[in-house]
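1. Fold the following.
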Amino acid sequence: MEAKGLRQIVDVAALEPLVDRVLAANADAVARFKSGNANVVGALIGLVVKESKGQGQPKIISDLIRAKLERLP
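-> Residues are numbered from 1 along each chain as shown. Prediction:
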């Protein structure tokens, strides 16, 4: 699987910069989340998975995004 590039990234330290980059680039989605629209989380997860070239583990990405969004003022 690794030779074909099918290995999933499960390392939080490797995924966190991707999550930060996507959140910074999508301030409008972050603002919608802060105003009560939790549906944007799915779109943000998709963007991070795309950023990781499909190798990011969606559950870990979801947990990271939700944790970061909930800590925002």
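2. measure V10 to R21 for me?
-> 19 Å (C-beta to C-beta, to the nearest Å). Bear in mind the C-beta positions are built from the backbone N, C-alpha and C, glycine included.
3. and what of I65?
-> In terms of C-beta to C-beta, I65 sits 12 Å off from R21.
4. try P73
-> To R21, P73 is 20 Å away according to C-beta to C-beta.
5. Tell me which of the two has more neighbours.
-> Between P73 and R21, R21 has the larger neighbour count (other C-beta atoms under 10 Å), namely 13 against 3.
6. That one looks like it's in a strand, true?
-> No - per DSSP: H, G, I helix; E, B strand; the rest coil, R21 lies outside any strand segment and is helix.
7. Report pLDDT for it.
-> Note for R21: predicted pLDDT of 97.
8. where does the protein have low pLDDT?
-> Counting by pLDDT under 70, the chain contains low-confidence residues at 1-6.
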